[in-house]
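Colleague: Here's a sequence, model it:
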Amino acid sequence: MNYIFALIALLIIASVLVWFMILTQMRRILRAGARHAIEKAWQKVKAQGNPTLKLVEADKILDEALRLLGYAGSLGEKLKAAGPRFRDINGVWWAHKLRNRAVHDLTSAPSKEEIERALGIFRTALADLGAKI
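Modeller: Purely as a prediction, here's the structure:
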């Protein structure tokens, strides 16, 4: 009988620790210097004349913001780990895949409307991480 209570207590403690780790990870925010660098990089994206380069640079900025928050790996791996932080994780995935298509598929170019939509999604994702753009 004591073993059952010990097991239940252990499970409760483990559950609390897991929730604490999840909440701590989600509360990480960009420090002021990092936030300023992200915001400055976004201004360069806005000034860029080539829509495809805007898309590529916006994707890079999101990758860097996630790196600064402590996420590791490829952008895809970072998005998997940070997914709950984003209001529209499906949109972020769509924008990232659009960037990949623009860079790797020579037979397909994203439309101006798709690029504008993706830029809006990247802007919202960066705001979700604490940037003020």
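Colleague: rest of the way, CA atoms for contacts and neighbours
Modeller: OK.
Colleague: Any stretches of the chain with poor pLDDT?
Modeller: Applying pLDDT under 70 to the chain flags the ranges 9, 14, 16-27.
Colleague: 80 instead?
Modeller: 1-3, 5-11, 14-29 (pLDDT under 80).
Colleague: the helices in it, which residues?
Modeller: Ranges of helices within the chain are 2-27, 32-47, 51-68, 75-82, 89-104, 112-128, based on DSSP state H.
Colleague: Report how many residues lie close to residue 86.
Modeller: When neighbours are counted by other C-alpha atoms under 10 Å, residue 86 registers 17.
Colleague: Would you confirm that it contacts residue 125?
Modeller: Yes: between residue 86 and residue 125 a contact is recorded at 6.0 Å, counting by C-alpha atoms under 8 Å.
Colleague: buried set for stretch 125-133?
Modeller: Residues 125-127, 129-131 are the ones in stretch 125-133 that count as buried (16 or more other C-alpha atoms under 10 Å).
Colleague: same thing with stretch 32-39?
Modeller: For stretch 32-39, a neighbour-count test (16+ other C-alpha under 10 Å) marks 34-35, 37-39 as buried.
Colleague: cool, stretch 59-69 as well?
Modeller: 59-66, 68-69.
Colleague: Adding distance to residue 116, write those out as CSV.
Modeller: Compiled in CSV, these are given as follows (distance: C-alpha to C-alpha, whole Å):
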residue, distance to residue 116
59, 13
60, 16
61, 16
62, 16
63, 19
64, 21
65, 20
66, 22
68, 25
69, 26
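Colleague: just those now: which is nearest residue 2?
Modeller: residue 69 (43.1 Å; C-alpha to C-alpha).
Colleague: Is it correct that the closest one is in contact with residue 30?
Modeller: Yes: between residue 69 and residue 30 a contact is recorded at 6.3 Å, counting by C-alpha under 8 Å.
Colleague: Dump the buried residues of stretch 32-39 to a markdown table, plus distance to residue 99.
Modeller: Shown next, in a markdown table, are the buried residues of stretch 32-39 (distance: C-alpha to C-alpha, whole Å):
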| residue | distance to residue 99 |
| --- | --- |
| 34 | 23 |
| 35 | 23 |
| 37 | 22 |
| 38 | 19 |
| 39 | 20 |
